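Q: build me a structure from this.
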Amino acid sequence: MTSPPRLIFMAQPPAEVRQALHDILLAQGLAQQLGNKMFAPENWHQSLSLRFDDDPAMRARLLRAGGRLVGECCTVLISQVSSSGWAARPPLHWAFRMRGRLGGLFALQRAVRQALQTEHLHDDGRHSGHITVSYNAPAPLAPVPVGPVRWTLSEVLLVCGAGQPYRYEVLGRWPLRAPPVQAEQLTLPW
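A: Numbers count the residues shown, from 1 in each chain. So this is what the prediction gives:
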């Protein structure tokens, strides 16, 4: 049974970041361990909103919200892959985890929430810094250090997820502003 089409705001890593992450899974033997339970790399993403039911009125509201989005690019470091969940038995969620300073990512999520509020839509803002590798992993995974792999989020996408195999159709994309340049303090020789 396939799930009904759902709409979501997200950021997707560019091909070179996805390839670096996939290479890590291969090198660690994790891709082989997951087999067909691995979420397709072309679907890997950072969620920026809740999922919404797909209908023409909701699409229109979300496209308007995306048009009002004001956010800045941010860079995250992906530094481990691990499992999470309450049970020590399948199915488990495996994900790449982001560590370090995530203030830019959280600011981007706030910007998405503010844009959604202009259309009277609620988002709970509980989107941790992660990229799902499997929603149905066969076994728990202790944290495995990776990289770190650097990813600059430079645009927000509105997508519709559906189908068998599950894929995302891009409905809208909005580039993010470059962050303000930090003034460099010069040291004068005295």
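Q: switch to C-alpha atoms for all contacts and neighbour counts from now on
A: OK.
Q: number of nearby residues for residue 46?
A: 20 (other Cα atoms under 10 Å).
Q: any idea how far it is from residue 105?
A: 10 Å (Cα to Cα, to the nearest Å).
Q: any common contacting residues for these two?
A: Common neighbours of residue 46 and residue 105 (criterion: Cα atoms under 8 Å, 6 or more residues apart in numbering): residue 129.
Q: tell me the contacts of the residue nearest to the spatial centre of the chain?
A: The residue lying closest to the centre of the chain (Cα atoms, centre = their mean) is residue 46, at 0.5 Å. Contacts for residue 46 were tallied using Cα under 8 Å, 6+ apart; they are 10, 11, 12, 129, 130, 131.
Q: buried residues in stretch 35-52, which are they?
A: 37-39, 41, 43-52 (16 or more other Cα atoms under 10 Å).
Q: can you give me the end-to-end span of it?
A: By Cα to Cα, the extent of stretch 35-52 from end to end equals 29 Å.
Q: run the chain-centre distance for it.
A: Relative to its chain's centre, stretch 35-52 lies at 8 Å (Cα atoms, centre = their mean, to the nearest Å).
Q: all the helices of this structure, in order from the start?
A: Along the chain, the segments classed as helices by DSSP state H run 15-27, 30-34, 56-68, 103-117.
Q: just checking, what packs against the last one?
A: Same thing as helix 103-117. Helix 103-117 sits against helix 56-68, strand 74-84, with contacts defined as 3 or more Cα pairs under 8 Å, 6 or more residues apart in numbering; DSSP states H and E.
Q: next, the buried residues of that helix.
A: 104, 105, 106, 108, 109, 110, 111, 112, 113, 114, 115, 116.
Q: could these go into CSV alongside distance to residue 135 and pLDDT?
A: Converted to CSV, the buried residues of helix 103-117 look like this (distance: Cα to Cα, whole Å; pLDDT from 0 to 100):
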residue, distance to residue 135, pLDDT
104, 26, 93
105, 22, 95
106, 23, 94
108, 24, 96
109, 22, 95
110, 26, 95
111, 27, 96
112, 24, 97
113, 25, 96
114, 29, 96
115, 28, 97
116, 26, 98
